[in-house]
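>>> I'd like to go over a predicted model; first the sequence, then the structure.
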Amino acid sequence: MGGFNTGNKRLRPGNYTTIFPATRPPPEPPVKTTILQSAERGANFLRTYLPDVDIPAELIRDELAQDAKITERLGVFDPYIGNLLQPIVAYDSAFIAFPMGELNRDLNLSPFSDTGNGITFKPAAHPTRTFDTPIQQIATSAPGMQTAYMAVRTFGQTSLLEVNTSKTTPYLAEVAFITNNDTGGRTLVDVTLSTAPFSSLAVNDLGSVYLCSILGGEKHVDLLRPAIKNTSQSQSDSFWRLARGTHDSDYLLASKDSVFHVDIRSNDSNQLFTSTGTDILTSMEDRMADHIIKLSSTREILWIDTRYPRRPLLGYKHGRQYDRYLEVRTSPLSPAITLLTSRVNAMVTLYDVSRSEGQLLHVDSLPSCFITGPDATTPYAGQALFKHPLDTGMDTFSLLRLTDQGSLHQVDLSMADEVVTTFNTSWTAEVDELAWQPLRTLETPYENQAYAETNLSVSYDQIFCLHERARRKREEDETTAVYDLLETIPTFWQKNEAPSEHILTTYDVILRAGDEPAQAARADFLTESIMNSTRGFRALAQGRLSPAALSESAPWHKNITPILQRLDPTFPDDIESGAEALKRYDLAENPERSVQSIKYEKEAREQVALDLALSSDVFSSQPFSRASDEGLALEALTKTLSLAGGPPPVDFGYLRPKISNHYRTEEPDEIVSSTGVRSLLKDWQVGADPDDYVFTDHYDGSTPTPQLTRKAHPGPTTENVPPQLGTQSQRPPTVLAASAVPVRPPELGRRVFVQSQPDPERSLPRTLGYGGPSLGLAQTQPSQEYMTSTQILPGAHGGRPMLPKKKPAKKRVGGF
């Protein structure tokens, strides 16, 4: 760190202080691919997503080659990038304007305030205004004006804004905006504000200068000077810079090799300087009251008096490497000191050059330099020399620098023996949170990765800190709603006007009994309810949210805990045992665990137990249909009717078939089943236990008829049935229901054979035939009369008499 003497004093830089945190991640590394590879990828993209567009691969390759050249040239020097850090001074108030955010399109205006103990900088955590495209330049009006103005140049347009500094929080009012249509369809490269209100100068990439003013409440953009011709300015280099003159009637225009002094009234220009050889101009300062302007080039620094053009007063070679981002600035001290800075590094060079009382230019000491910050290679997007209007010190000022990542830094410069801080910095809680928030880190390309490392602190804070904070606040706000819902749930079925077509769990009932949730999901069990809280767990544990209160008035209710325990034996019986059983998933004991972590674990365990308990009971808003239970008399009547007119109709329970016919406009009211289906299902009783049902094959004569009775409805026995003699019947055979067989639902795929006592009827001789009398009927007492059998017997021939086969005819063997 160096210094130099100014008279008997020595200029000293102070500490490097961060006064605003970074808000942008580091730039992405360039993609290392050849132009041919990029052209192949582009052609593949067009063939995949735009198959109808036929673009030759050579055209894609030429465009990519031209784009690579432009990108390489802009990497060396970008003429469209201006200074992004500017102080705004109006009377006794001051602000700092700079961009923030990941996209560099958020404008931040942070104020200075006088707290009585000195000047304090209070940066704002939120932007004052957000633009559509990234900010490229910020320009402000000269200090001392009644109203402060600011120009913000972006990719899309240039906005002229009025800064209201009457309050602590500044207010921006849009005065006008300049688009490319106002500047001949070309992009602006520099803009400056004149000392007159509502007036600004702008120059495009061809060198055309425009004046924007407000007359009669309307914007007027006038061309002051067309593009300069017959100069050495290359069309491929768009470097043009503007500077203010001492009055509103003149300005300075600089290209990469020439400087012009232009009078707005007559539009006459005077060429002040022309570089020779390979030297290129890099910056130009506003003209001072002593008619001296300072120029910087890639080789030297020049002091020029506008009254004596083409004859620099002094030229000083800075000895730096080739750098087109060099900028020259004058300190607000007296005598003035010239500082040479650059965007690409942290080096600052000091030149003690000033006018003496005899109007002569003197160099009081040799130049010196120092480094701002710990890293000399740190690039900067903006820089400014600042001195607050309330600062009464005559030998101190601050150098403010804005890095590419958006952090703002302060370096105090003083001629005193001890460097005194010009202002203090006070961060709010929001700025502190912004400083601790990690920036998005870019992953290294896979070909350069030895391992992948990801910072999950942002996700951790979002899940366990911010979410937990918001959840607790939401629970406190919903306390009254929880108690109101507990009083409403027992009367849910009485107030439910539209019955549900689906089975509902206890959680579904709670969700429908309350207000509409703020965050709706496609399924109810994914939607959060106000009962998903600590108060909901306590209400269920204390019995205030018991499903028993709902089951008393519900049309149908079923506890499915035994079913769930068959699927998962660890499923709890109640909420207390559930919370206790979930302790096996707790984290391992560690003395370093915080109390907040243990509390969060306990609440999470209770919420899981609450969800399981609210899913153990199911309800239906419609009762299940069952078979008629009006007694055996009605059942016997149904059988009697079925004997005369066929099997009874099929009786359905809760699930009913839906028949859709595309050729009928009206749906049938009654579902008609076929005779076979009704015959098979006539013995099925809705609600019977399928495990107790015994299927009897009536066509298998070897299986005796089981003498079983139903559990729910015992049928009549045949003990007191009087014997009847078989007679020859002249009517068709009647199919009778076997009352001795228990009525059970048919069991498919399994046949149960029940052994019983041998039937004595099988040992008696019978006469087979049509209407033949039976023998020994009086001694056997059959349960029903014997009738003529027209049923075809099972088997290959079905019991029919064998017909003699035809004798096959002999084939003729010989000829005639």
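That came through, no problem.
>>> Just the pLDDT at residue 368, thanks.
For residue 368, the pLDDT comes out at 88.
>>> Tell me how many other residues crowd it.
17 (other C-beta atoms under 10 Å). To be clear about C-beta, it is placed using only N, CA and C from the backbone, and glycine gets the same treatment.
>>> likewise residue 110?
22.
>>> for it, helix, strand, or coil?
strand (DSSP: H, G, I helix; E, B strand; the rest coil).
>>> list the contacts for it?
Residue 110 makes contact with 20, 95-96, 98, 121-124 under the criterion C-beta atoms under 8 Å, 6 or more residues apart in numbering.
>>> ditto for residue 36
residue 61.
>>> any idea which helix or strand comes after the helix or strand harbouring it?
Following DSSP states H and E, one finds residue 36 within helix 35-49. Downstream of helix 35-49, the next assigned helix or strand under DSSP H and E is helix 57-76.
>>> how close does residue 345 get to residue 44?
41 Å (C-beta to C-beta, to the nearest Å).
>>> Check the burial of residue 43 by counting its neighbours.
For residue 43, the count of nearby residues is 16 (other C-beta under 10 Å).
>>> quick one: it from residue 312, how far?
Distance from residue 43 to residue 312, by C-beta to C-beta: 55 Å.
>>> ditto for residue 210
As judged by C-beta to C-beta, residue 210 and residue 312 stand 30 Å apart.
>>> neighbour-wise, which of those two wins?
Legend: neighbour count by other C-beta under 10 Å for residue 210 and residue 312, higher for residue 210 (20 against 16).
>>> The more buried one against residue 222, yeah?
Yes: here residue 210 reaches residue 222: they are 6.7 Å apart, a contact under C-beta atoms under 8 Å.
>>> Need the residues touching each of the two.
Common contacts of residue 210 and residue 222 (C-beta under 8 Å, 6+ apart): none found.
>>> Quick one: mean pLDDT for stretch 558-566?
The average pLDDT for stretch 558-566 rounds to 88.
>>> ok so, going back, turn the contacts of residue 110 into CSV, columns for secondary structure.
Below are the contacts of residue 110 laid out as CSV (three-state DSSP):
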residue, secondary structure
20, strand
95, strand
96, strand
98, strand
121, strand
122, coil
123, coil
124, coil
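>>> Greatest separation within the residues you listed: which pair is it?
Farthest-apart pair in the contacts of residue 110 is 98 and 122; separation 14.4 Å (C-beta to C-beta).
>>> Which one of these two is surrounded by more residues?
Using other C-beta under 10 Å, the more surrounded residue of residue 98 and residue 122 is residue 98, with 25 against 16.
>>> Isn't that one up against residue 402?
Yes: counting by C-beta under 8 Å, residue 98 does reach residue 402; the two are 5.3 Å apart.
>>> hey, what's in contact with both of the two?
Listed contacts common to residue 98 and residue 402 are 84-85, 382, 408; contacts here mean C-beta under 8 Å, 6+ apart.
>>> Okay, and which of these map to strands?
Using DSSP state E, the members of those that fall within strands are 382, 408.
>>> from the shared contacts of residue 98 and residue 402, which single one is nearest residue 72?
residue 84 (23.1 Å).
>>> Would you check how far apart residue 178 and residue 83 are?
Counting by C-beta to C-beta, the gap between residue 178 and residue 83 amounts to 18 Å.
>>> repeat for residue 211
Distance, residue 211 to residue 83, using C-beta to C-beta: 21 Å.
>>> Tell me which of those two has more neighbours.
residue 83 (20 against 17).
>>> Skipping adjacent residues, who's closest to the more buried one in space?
Among residues not flanking residue 83 along the chain, residue 382 sits closest, at 5.0 Å (C-beta to C-beta, 6 or more residues apart in numbering).
>>> what's the pLDDT at that neighbour?
Predicted confidence (pLDDT) for residue 382: 94.
>>> Show me the helices in the stretch 551-700 of the chain, by range?
Secondary structure of the stretch 551-700 of the chain by DSSP state H, counting those that start in this stretch: the helices cover 561-567, 575-581, 595-614, 632-645, 675-680.
>>> okay, the shared contacts of residue 98 and residue 402 in JSON lines with neighbour count next?
Below are those laid out as JSON lines (neighbours: other C-beta atoms under 10 Å):
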{"residue": "84", "neighbour count": "24"}
{"residue": "85", "neighbour count": "19"}
{"residue": "382", "neighbour count": "22"}
{"residue": "408", "neighbour count": "24"}
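>>> and which of the shared contacts of residue 98 and residue 402 is nearest residue 543?
residue 408 (60.3 Å).
>>> wouldn't residue 555 be in contact with residue 500 here?
No: contact criterion C-beta under 8 Å: residue 555 and residue 500 do not qualify, at 10.7 Å.
>>> who touches both of the two?
With C-beta under 8 Å, 6+ apart, residue 555 and residue 500 have common neighbours residue 621.
>>> Low-confidence ranges, the stretch 601-750 of the chain, go.
Residues of the stretch 601-750 of the chain meeting the criterion pLDDT under 70: 624-645, 653-655, 659-671, 686-689, 695-750.
>>> Report the beta-bridge partners for the residue nearest to residue 83.
Listed beta-bridge partners, residue 382: residue 402 (assigned using DSSP bridges).
>>> So it is in contact with residue 98, correct?
Yes: contact criterion C-beta under 8 Å: residue 382 and residue 98 qualify, at 6.4 Å.
>>> where does residue 89 fall, helix, sheet strand or coil?
strand.
>>> And for residue 465?
When classified by three-state DSSP, residue 465 comes out as helix.
>>> Equivalent analysis for the one 5 residues further on, please.
Under the three-state scheme (three-state DSSP), the conformation of residue 470 reads as helix.
>>> Could you count how many residues lie near it?
Per other C-beta under 10 Å, the neighbour tally for residue 470 reads 10.
>>> quick one: it and residue 463, what's the gap?
Distance of residue 470 to residue 463, computed by C-beta to C-beta: 11 Å.
>>> Repeat that for residue 312.
Relative to residue 463, and taking C-beta to C-beta, residue 312 is found at 64 Å.
>>> for residue 465, what are its contacts?
With contact set as C-beta under 8 Å, 6+ apart, residue 465 has no partners.
>>> Can you read off the pLDDT for it?
The score at residue 465 is 77. That number is its pLDDT.
>>> cool, and residue 304?
At residue 304, the pLDDT value in this model is 92.
>>> now swap in residue 103 and tell me
Listed pLDDT for residue 103 reads 90.
>>> so it, which of the three states?
What three-state DSSP gives for residue 103 is coil.
>>> wait, what's in contact with it?
By C-beta under 8 Å, 6+ apart, residue 103 lies in contact with residue 134.
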